[in-house]
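1. below are the sequence and a predicted model for it; my questions follow.
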Amino acid sequence: MKLNRFYPNISILKYNLSMKQITLFCFALLLISGNWPCNAQANKQAEATSTVSAKVEIYYFHFTRRCATCLSVEENAGKAVESLYADKVKKGEYSFKGINLDDDSSKSIAEKLGIGGQTLLVVSGDKKIDITDKGFMNAHDLEKMKEEIKKAVELALKG
């Protein structure tokens with residue numbers, strides 16, 4: 001007995017057997033892949049608990065000529081670091097620095113970090129988190145600036 005005119009060489013018996021195999025294969029694949037997200041979540045939680053305290057530097061690279069928003073980014077980022085991490089700033093573990101890219105003395109740090117323009121950067125060891133876009137979006141909102149800097153510091157400290 002032929003299945004239809006489009007598949008004349010496949011009998012109904014062969015077709016049913018292959019559909020059962022395909023169905024079982026898809027079901028097995030679904031069961032196996034269902035365990036992956038759970039394991040990934042467990043790994044992320046384990047990574048989050050292994051955060052180690054280290055030296056953190058927050059830099060705001062800018063040029064001499066700046067607009068009101070640029071000035072506000074520097075002011076609010078500095079305030080955010082001071083209020084979030086006051087004890088660590090006093091100990092010298094965390095710092096905030098505004099760096100003028102037009103000064104010759106800033107060229108070495110800019111080259112070391114690969115900076116060529118206005119940038120708000122969180123650095124811990126060899127990890128660099130660029131939050132320039134978030135810094136400018138929240139330039140006039142100190143609370144949101146605090147949130148973004150806190151997220152970036154936590155991300156930079158993850159091992």
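-> In hand now; what should we look at?
2. what segments of the protein are helices?
-> Under the criterion DSSP state H, the chain contains helices at 12-33, 36-49, 68-84, 86-91, 107-113, 132-137, 142-157.
3. between the third one and helix 142-157, how many degrees?
-> On the basis of axes from the mean of the first three to the mean of the last three Cα atoms, to 10 degrees, helix 68-84 is oriented at 70 degrees to helix 142-157.
4. how far does helix 68-84 sit from its chain's centre?
-> Taking the mean of its C-alpha atoms, helix 68-84 sits 21 Å from the chain's own mean (Cα atoms, centre = their mean, to the nearest Å).
5. the helices of the chain: lowest mean pLDDT?
-> If the helices of the chain are sorted by mean pLDDT, helix 36-49 sits at the bottom with a mean of 43.
6. and for the nearest residue to residue 137 once chain neighbours are set aside, the neighbour number?
-> Spatially, and ignoring its direct neighbours in sequence, residue 137 is nearest to residue 144 (8.0 Å; Cβ to Cβ, 6 or more residues apart in numbering). For glycine as for every other residue, the C-beta is placed from the backbone atoms N, C-alpha and C. Residue crowding around residue 144 was assessed by other Cβ atoms under 10 Å; the count is 16.
7. is it true that residue 144 touches residue 136?
-> No. Assessed by Cβ atoms under 8 Å, residue 144 is found out of contact with residue 136, at 11.5 Å.
8. any idea how far the closest residue to residue 156 other than its chain neighbours is from residue 157?
-> In space, residue 156 comes closest to residue 124 once its chain neighbours are excluded; the distance is 3.9 Å by Cβ to Cβ, 6+ apart. Separation of residue 124 from residue 157 (Cβ to Cβ, to the nearest Å): 6 Å.
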